[in-house]
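[1] Just a sequence and a predicted model for now, questions to come.
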Amino acid sequence: MRFDAAVLRSYESRFAVEEVMLNGGPADGEILVRIAGCGMCRTDLAVRRSAGRSPLPAVLGHEGAGVVVETGGPDTGLSVGDHVVLSFDSCGRCRNCMGAAPAYCDSFASLNLFGGREENAARFTDAAGCELAPRWFGQSSFAEYAMVPARNAVRVDPTLPIELLGPLGCGFLTGAGAVFNSFAAGPGDSIAVFGAGAVGLAAVMAATAAGAVAVAVDRHPERLALAERLRAIPLHAASDGLPDRIQQLTDGGAQYALDTTGSAQLINNALRALRPTGHLGLVARLHTALPLEPGALDRGRRISHICEGDAVPGLLIPRLIALWQAERFPFDQLIRTYPLADINEAERDCDAGRVVKPVLVPEGRGR
């Protein structure tokens, strides 16, 4: 079948919406999904800085949602017409997958970032027949259609606005999962969130839904204003004595902190803002060594990396939808939709901070 997709051909070029070809239908365990909307994530844009590790040309996109149009084999657990949110790929066989920790799958990097599944990889080509990279995060959903392992897909209520639900599969899942799963935060806890982008604001919404106090740190006033509307205490990242300010606001220090920035200075500030035995989680990929200031990591404080919010997507995505329906996780307030044809405008707006979460809608249905 032929359909339109946004192709990234080099690390320096813009996306180009062009016709691509998928040769063959779903194999065993796969589903073909008509994409209704796909969120743009910082991980998609970071491919440009991957130093050649992510193969190109490729169709990126890993926050897709849509409708199943074809299934392969008897064991997908899904049917034609099902509405699904797509999440990250995992093997389902290694110790971590079997232990309900698919984000730490032994094959996570190869399946999602650096090549995808080897099975049927060459069937995805451009209109000239030239091979495109295997599926990005098992999806490659900057496109009208995506061939996806059924393991990636979570069935949702068909009455929901499916075009808006894709970011629940990664960005919002990561921030909320850090609060609910990694920290297990609850009433009386306090969480300092560094970086009020999509992941950070999802953590803010989850913190308030859990009954915890949230402090949001960012350098953009408009992001801080949005965090405040979501019931967080806003603090500018350049505030004097930032750790002391957070300790004052959280009655002696935050129990938890989440850094989404990868900034060494802010990571050290986050550690200093913690109370004794506090936990700092990092979700941003570090590109340089992380120097820790003397005294930052003491008194039982600890630091860990959090991948995909420690989530099992099939459990957390329905939980987030239920919170949204109860008006306790208003993720739709962070979204702006764009036609797939305007993907480069969406990237520019994302880079400039003019939008928190762009969602690309095929067939010119954006607004």
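    Ah, there it is.
[2] Against residue 283, how distant is residue 65?
    To residue 283, residue 65 is 22 Å away according to Cβ to Cβ, to the nearest Å. In short, each C-beta sits where N, CA and C put it, glycine included.
[3] between the two, which one's more packed in?
    When residue 65 and residue 283 are compared on other Cβ atoms under 10 Å, the one with more neighbours turns out to be residue 65, at 31 against 24.
[4] for that one, what are its contacts?
    For residue 65, the contacting residues are 35-38, 83-86, 156, 162-166, 168-169, by Cβ atoms under 8 Å, 6 or more residues apart in numbering.
[5] Okay, and the beta partners of it?
    Beta-bridge partners of residue 65, counted by DSSP bridges, are residue 37, residue 85.
[6] Which pLDDT value goes with it?
    Here, the pLDDT recorded for residue 65 equals 98.
[7] One more: residue 213?
    For residue 213, the pLDDT comes out at 97.
[8] Isn't it up against residue 231?
    No - when contacts are counted by Cβ atoms under 8 Å, residue 213 is not listed as touching residue 231 (9.2 Å).
[9] any shared contact partners between those two?
    Common contact partners of residue 213 and residue 231 (Cβ under 8 Å, 6+ apart): none.
[10] What's the end-to-end length of stretch 213-232?
    Distance across stretch 213-232, first residue to last, is 7 Å (Cα to Cα, to the nearest Å).
[11] again with stretch 114-126
    In terms of Cα to Cα, the two terminal residues of stretch 114-126 are separated by 19 Å.
[12] Quick one: mean pLDDT for it?
    pLDDT averaged over stretch 114-126 equals 71, rounded to a whole number.
[13] Repeat that for stretch 178-186.
    Looking at stretch 178-186 alone, the average pLDDT works out to 98.
[14] that older thread, more neighbours: residue 213 and residue 231, which one.
    Taking other Cβ under 10 Å, residue 213 and residue 231 do not tie; residue 213 has more neighbours (21 against 14).
[15] can you give me phi and psi for the more buried one?
    Its backbone dihedrals place residue 213 at phi -90, psi 130, with angles given as degrees, to the nearest 10.
[16] next one: the one 4 residues further on
    Phi and psi for residue 217, reported as degrees, to the nearest 10, are phi -120, psi 130.
[17] same thing with residue 230?
    For residue 230, the backbone dihedrals (degrees, to the nearest 10) come out as phi -90, psi 10.
[18] Spit out the contact partners of it.
    Residue 230 makes contact with 201, 204-205, 208, 330, 333 under the criterion Cβ under 8 Å, 6+ apart.
[19] residue ranges with poor pLDDT in the stretch 51-200 of the chain?
    In the predicted model of the stretch 51-200 of the chain, residues 51-52, 115-122 satisfy pLDDT under 70.
[20] now the strands for it?
    Secondary structure of the stretch 51-200 of the chain, counting by DSSP state E, counting those that start in this stretch: strands at 58-59, 64-71, 83-86, 124-126, 145-149, 153-156, 190-194.
[21] want to throw those into TSV with distance to residue 339?
    Formatted as TSV, those follow (distance: least, Cβ to Cβ, whole Å):
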stretch	distance to residue 339
strand 58-59	16
strand 64-71	16
strand 83-86	20
strand 124-126	21
strand 145-149	16
strand 153-156	23
strand 190-194	32
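[22] all helices for the protein, in order.
    Per DSSP state H, the chain carries helices over the ranges 42-45, 95-98, 108-112, 171-177, 198-209, 221-229, 242-249, 264-273, 313-325, 343-351.
[23] now for those, which one comes closest to residue 258?
    For the helices of the chain, proximity to residue 258 was assessed by Cβ to Cβ; helix 198-209 is nearest, at 5.1 Å.
[24] Contacts made by the closest one with the rest, please.
    Residues from elsewhere that reach helix 198-209 (Cβ under 8 Å, 6+ apart): 39, 41-42, 167, 171-176, 178-180, 185, 189, 191, 193-194, 196, 213-214, 216, 218, 223, 226-227, 230-232, 258, 260, 283, 323, 328-331, 334, 356-357.
[25] Can I get it in PDB? Just the C-alpha atoms.
    What follows is helix 198-209 as a C-alpha-only set of coordinates in PDB (Å, rounded to 0.1, in the frame of the first residue of the first chain):
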ATOM      1  CA  ALA A 198       5.400  18.100  28.200                       C
ATOM      2  CA  VAL A 199       7.000  15.600  30.500                       C
ATOM      3  CA  GLY A 200       7.400  18.100  33.400                       C
ATOM      4  CA  LEU A 201       3.800  19.400  33.200                       C
ATOM      5  CA  ALA A 202       2.500  15.800  33.000                       C
ATOM      6  CA  ALA A 203       4.400  15.200  36.300                       C
ATOM      7  CA  VAL A 204       2.800  18.400  37.700                       C
ATOM      8  CA  MET A 205      -0.700  17.200  36.800                       C
ATOM      9  CA  ALA A 206       0.000  13.700  38.200                       C
ATOM     10  CA  ALA A 207       1.400  15.200  41.400                       C
ATOM     11  CA  THR A 208      -1.700  17.300  42.000                       C
ATOM     12  CA  ALA A 209      -3.900  14.300  41.100                       C
END
